[in-house]
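K.L.:
what follows is a predicted protein model with its sequence.
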Amino acid sequence: AQSVTQPDIHITVSEGASLELRCNYSYGATPYLFWYVQSPGQGLQLLLKYFSGDTLVQGIKGFEAEFKRSQSSFNLRKPSVHWSDAAEYFCAVGLPRDSGGGADGLTFGKGTHLIIQP
Amino acid sequence: GAGVSQSPRYKVAKRGQDVALRCDPISGHVSLFWYQQALGQGPEFLTYFQNEAQLDKSGLPSDRFFAERPEGSVSTLKIQRTQQEDSAVYLCASSSYRGQVEGYTFGSGTRLTVV
């Protein structure tokens, strides 16, 4: 079964500093990859996704992520964080339809809680 | 509607009580998912519908959990004889047929507290 690891439970960054959130996955092939953000009391909002092509993908709110097949990683980055970026961030994987897998549901990591220092 | 709507937003149930959680997906979305998110954890898959057909219910934790989507739009997740370990946020998501490529739209969730 596929799995997703987000090794950092909490990350504290100063406002204006750069950010990198780590995500590693375990799966026999390249899955579809997603980053979601969740603010307190809110649902999940899609930041960006990767399924093929250019390994550097751009998302909303100035975020980007880079897929590295050799490292089974899909790290999320932002060059300069804003106080409004404080939230919980989830990496998720999905199985391509021709993989023979089960549901089209996503497998999520446990999340990284981002704290922004003034 | 414009987004995925879930109700109620909050539900407090006494242990042993039955609860019903509602999800109203985006109009026209064929795929509908239920996830359970425990405190401090990522969402975990419960079940999946394509239109009215429940294609996967492998994530339902026990036979006390039951989901339906009789007309292929609104879905209800029912939990019978609630236990304290059922306390969590229950998220609903919907997508068009190509959800795996386009991603999913999530509702704000129902926070269930069993006391």
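P.N.:
Now that the structure is in, tell me what you want to look at. Residues are numbered from 1 along each chain as shown, chains lettered A, B, ... in the order given.

K.L.:
what comes up buried for stretch B:9-25?
P.N.:
Burial within stretch B:9-25, assessed by neighbour count using 16 or more other CB atoms under 10 Å in any protein chain shown, is assigned to B:11, B:13, B:19, B:21, B:23-25. For the C-beta atoms, the positions are set from N, CA and C on the backbone; glycine is no exception.

K.L.:
same check on stretch A:110-118?
P.N.:
Neighbour counts using 16+ other CB under 10 Å place A:111-112, A:114, A:116 of stretch A:110-118 among the buried residues.

K.L.:
next one: stretch A:57-76
P.N.:
With burial defined by 16+ other CB under 10 Å, the residues of stretch A:57-76 counted as buried are A:57, A:59, A:63-67, A:73-76.

K.L.:
check which element follows the least confident helix or strand in chain B by mean pLDDT along the chain.
P.N.:
In chain B, no helix or strand scores lower on mean pLDDT, DSSP states H and E than helix B:99-102, which sits at a mean of 64. Using DSSP states H and E, the helix or strand that follows helix B:99-102 in sequence is strand B:105-106.

K.L.:
list the strands paired with that next one, with their directions.
P.N.:
In the sheet, strand B:105-106 lines up against strand B:88-95 (antiparallel) (DSSP bridges).

K.L.:
ok, residue 67 - contacts?
P.N.:
Just so you know, I chose chain A. Applying CB atoms under 8 Å, 6 or more residues apart in numbering or on different chains, one finds that residue A:67 lies in contact with A:30, A:33, A:50, A:55-57, A:73-74.

K.L.:
wrong one, I was asking about chain B
P.N.:
So, once contact is read as CB under 8 Å, 6+ apart, residue B:67 ends up touching B:34, B:46-47, B:49, B:54, B:57, B:60, B:75-78.

K.L.:
sweet, I'm off.
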